[in-house]
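S.K.: for reference, the sequence and a predicted model appear below.
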Amino acid sequence: MEALIPVINKLQEVFNTVGADIIQLPQIVVVGTQSSGKSSVLESLVGRDLLPRGTGIVTRRPLVLQLVNISPEELRKASGDDDETAAWKNYGQPYKGIDAEEWGKFLHTKNKIYTEFSEIRQEIENETERVSGANKGISDEPIHLRIFSPHVVNLTLVDLPGVTKVPVGDQPRDIELQIKDLILRYIGNPNSIILSVTAANTDMATSESLKIAREADPEGRRTLAVITKLDLMDAGTDAMDVLMGRVIPVKLGIIGIVNRSQLDINNKKPVADALKDEYAFLQKKYPSLANRNGTKYLAKTLNRLLMHHIRDCLPELKTRINVLAAQYQSLLNSYGEPVEDKSATLLQLITKFAAEYCQTIEGTAKYIETSELCGGARICYIFHETFGRTLESVDALGGLNTIDILTAIRNATGPRPALFVPEISFELLVKRQIKRLEEPSLRCVELVHEEMQRIIQHCSTYSTQELLRFPKLHDAIVEVVTSLLRRRLPVTNDMVHNLVAIELAYINTKHPDFADACGVLNSNIEEQRRNRLAREPPSALPREKSSKVPSAMSAPAQESAAVASAELEGKPLTKEVQIQNGNQDAASSGGWRGMLKTSSAPKPDDGFAEEKPKQLAAGSPHRGPSVNFLDVRVPVSRKLSAREQRDCEVIERLIKSYFLIVRKNIQDSVPKAVMNFLVNYVKDNLQSELVGQLYKSMLLDDLLTESEDMAQRRKEAADMLKALQRASQVIAEIRETHLW
């Protein structure tokens, strides 16, 4: 199981080479307030004086410290005493010619070896100032350091800046929040162990490190507490209750240690002597707890916890690496290989795009949209749902009222009164209604054109990933297809105009469907006339008087005879005669009689209406007034005569019948025209259009120029894939026996 920590160190190295932190590796994170002794704990674990020390904030960048234990045999090989190549299991690289017993190595200095720990401390200070500045600023960019020594245990620790409250120097005002966010970023890793450092001369209940640790680890399964500066407690007090866990219990335990004082550091007291003094202090002050406290016990505990933690995290870590390797392999495939034969590549991309475009229309594309209708399905929806429902919502008599129909009938008769409904009025009105079908038909063409434009983006986004590599080629293809669609739009609109114009050019009243409708209409009108005659009351005229009227006499003549007979006998007109007389006057076929009966010339302002009271006084006092329609405007709300109602009903039914026939023709012919002149034409000519416009030798270099960041992204993806594959190999080398 000792081999697990070197494996994690190898993985850390593998991923550090690509500068990525996509894998959360097990490590120990040291958390504490400023000047609580965090760096002293690390120096005690290393056994050498290698970290910057002083008052105030000293650690201003995260320090990832990996301790690598080497055996005397490996040390002998590294010094060159053995001719064999020293393949370091703990580091993964051969080192020869190193005369020192202990040495260090930074990631940012590549293969430079530091045998003097004072140089390591100076390099840490220089690297910190290079990034964070010289006036107390902090940075989240870590420093990676490895220490090789036969006196250390295999550990991976992270030293973080101490928690502070008040900004100093050029620190920003939110320095407390920045440091807290930095700490939470590291301890938020579920594969990390939190080493919470608290000074013994402070109240543990006010420990900021334990508070932050509980935010990331509420259950305390990953937290180990360390109490420093046991020798600086006030006289008469001790840390017995704290170390026993009676004040604040910690699941992984509480370990107390004694640090070197600042005077010891200034006097360069060796760490080995400090460890001896620590052991003597614990035996004197806490004899019952001496074997469970101290720096050596802390190192062994951390080593044991880290190994067990790595063992628990290893299966999930292995799965995560395999999943990421598959994802980056797919990403690298999408970026494609560097272009060698530009001519063949261009022709291949054009052909593939044209095929994908046509397949999207046909519904056989590889990438089928599931969230909304797209391509040919959308065009079908436009034809049969959007366009069909719009035509069905167009009322055959929309925009027409009875007065409009009546006015059209009168205008079609000219100065002569009509015995029958003129056909020209029907044609004028039905053409007006057919014209209303043109606008939704043109809107249908516009919707299909918009969908054809959307298919371009669909193909370039979902289907042809290679086009994303060449933005200029993508823009050129979009421009060519858009231009082709734009050229076909007027042609299709003209055809739709012609379809409506064809229907307007000739009103085919001999159409089979229209002839059947007319036959049904005539039979209905005849049946209604018979029903109306059956419901009419018998005539009020005497039988002998009415018998004098010839049966073959026309309707106006019969009416005149009835009126004359009633006036001669001094009887009031019956209701039926009044209605008939009024109706004929309204139809302008009998109004001239009223003008002939006037006894004197009317005044220009009075009109015919003032003569009627005299006539009523001389004749029948119950007779209604007669109106001259030649001089008075037709009122909109007046009651129509029976003939007017019949004529309007006939025209309305004929318009509705013929309009339905034309609407059916338009609903069928417009989609066919759009498919022929727009959709099918683009499908058939798209590839030839693209080849003719783009497949030119002078355009090859320009069109196949990759985007600026594509090559960089391909390189990054390749490096990450290589690192993941290397990490997978490292984990695969672990035998099952190493886990137990």
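M.R.: Everything's here; your move.
S.K.: please make it C-alpha for all contacts and neighbour counts, starting now.
M.R.: OK.
S.K.: quick one: the helices in the stretch 51-200 of the chain?
M.R.: In the stretch 51-200 of the chain, the helices defined using DSSP state H, counting those that start in this stretch lie at 72-78, 117-132, 175-187.
S.K.: worst mean pLDDT among these?
M.R.: Here the helices of the stretch 51-200 of the chain differ in mean pLDDT, and the lowest is helix 72-78 at a mean of 62.
S.K.: any chance of the helices of the stretch 51-200 of the chain in a markdown table, plus distance to residue 512 and mean neighbour count?
M.R.: Listed next are those as a markdown table, based on distance: least, CA to CA, whole Å; neighbours: other CA atoms under 10 Å:
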| stretch | distance to residue 512 | mean neighbour count |
| --- | --- | --- |
| helix 72-78 | 105 | 18 |
| helix 117-132 | 91 | 17 |
| helix 175-187 | 82 | 18 |
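S.K.: contact partners for residue 375?
M.R.: 360, 361, 362, 363, 451, 452, 455 (CA atoms under 8 Å, 6 or more residues apart in numbering).
S.K.: what of residue 213?
M.R.: Counting by CA under 8 Å, 6+ apart, residue 213 has contacts 31, 187, 194, 196, 220, 223.
S.K.: surely it is within a helix?
M.R.: Yes - counting by DSSP: H, G, I helix; E, B strand; the rest coil, residue 213 falls inside a helix.
S.K.: just put the contacts of residue 213 in a markdown table and tack on distance to residue 415.
M.R.: Shown next, in a markdown table, are the contacts of residue 213 (distance: CA to CA, whole Å):
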| residue | distance to residue 415 |
| --- | --- |
| 31 | 108 |
| 187 | 101 |
| 194 | 107 |
| 196 | 110 |
| 220 | 106 |
| 223 | 108 |
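S.K.: which one of the residues you listed is nearest to residue 154?
M.R.: Lowest distance from residue 154 to the contacts of residue 213 (CA to CA) belongs to residue 194, with 16.9 Å.
S.K.: one step back: let me know the closest of the contacts of residue 375 to residue 124.
M.R.: Using CA to CA, residue 455 comes nearest to residue 124 of the contacts of residue 375, at 57.6 Å.
S.K.: tell me which element that closest one falls in.
M.R.: helix 438-458 (DSSP states H and E).
S.K.: OK, contacts around residue 163?
M.R.: Counting by CA under 8 Å, 6+ apart, the residues that residue 163 touches are 32, 33, 34, 176, 179, 180, 208, 209.
S.K.: centroid-nearest residue for the chain?
M.R.: residue 371 (11.0 Å; CA atoms, centre = their mean).
S.K.: which stretch of helix or strand covers that residue?
M.R.: Using DSSP H and E, residue 371 falls outside every helix and strand.
S.K.: do you know how far it is from residue 448?
M.R.: Here the criterion is CA to CA, to the nearest Å. By it, residue 371 lies 19 Å from residue 448.
S.K.: same check, this time on residue 434
M.R.: Distance, residue 434 to residue 448, by CA to CA: 23 Å.
S.K.: also residue 387?
M.R.: Counting by CA to CA, the gap from residue 387 to residue 448 is 11 Å.
S.K.: got any ranges where the stretch 51-200 of the chain has weak pLDDT?
M.R.: The stretch 51-200 of the chain contains residues with pLDDT under 70 at 54-56, 72-99, 135, 169-170.
S.K.: so where do the strands sit in it?
M.R.: 63-69, 103-106, 143-149, 155-159, 192-199 (DSSP state E, counting those that start in this stretch).
S.K.: and the helix or strand hosting residue 425, how far out from the chain's middle?
M.R.: Here residue 425, judged by DSSP H and E, is contained in helix 423-434. Relative to the chain's own centre, helix 423-434 is displaced by 51 Å; criterion: CA atoms, centre = their mean, to the nearest Å.
S.K.: could I get that helix in PDB with only the CA atoms?
M.R.: C-alpha atoms of helix 423-434 as PDB (Å, rounded to 0.1, in the frame of the first residue of the first chain):
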ATOM      1  CA  GLU A 423     -73.700  37.400 -64.400                       C
ATOM      2  CA  ILE A 424     -71.100  40.300 -64.500                       C
ATOM      3  CA  SER A 425     -71.900  41.100 -60.900                       C
ATOM      4  CA  PHE A 426     -71.100  37.600 -59.800                       C
ATOM      5  CA  GLU A 427     -67.800  37.700 -61.700                       C
ATOM      6  CA  LEU A 428     -66.800  41.000 -60.200                       C
ATOM      7  CA  LEU A 429     -67.600  39.900 -56.700                       C
ATOM      8  CA  VAL A 430     -66.000  36.400 -56.900                       C
ATOM      9  CA  LYS A 431     -62.800  37.900 -58.400                       C
ATOM     10  CA  ARG A 432     -62.600  40.200 -55.500                       C
ATOM     11  CA  GLN A 433     -62.800  37.300 -53.100                       C
ATOM     12  CA  ILE A 434     -60.300  35.100 -55.000                       C
END
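S.K.: now that helix: buried residues?
M.R.: Using 16 or more other CA atoms under 10 Å as the burial criterion, the residues of helix 423-434 that qualify are 425, 426, 427, 428, 429, 430, 431, 433, 434.
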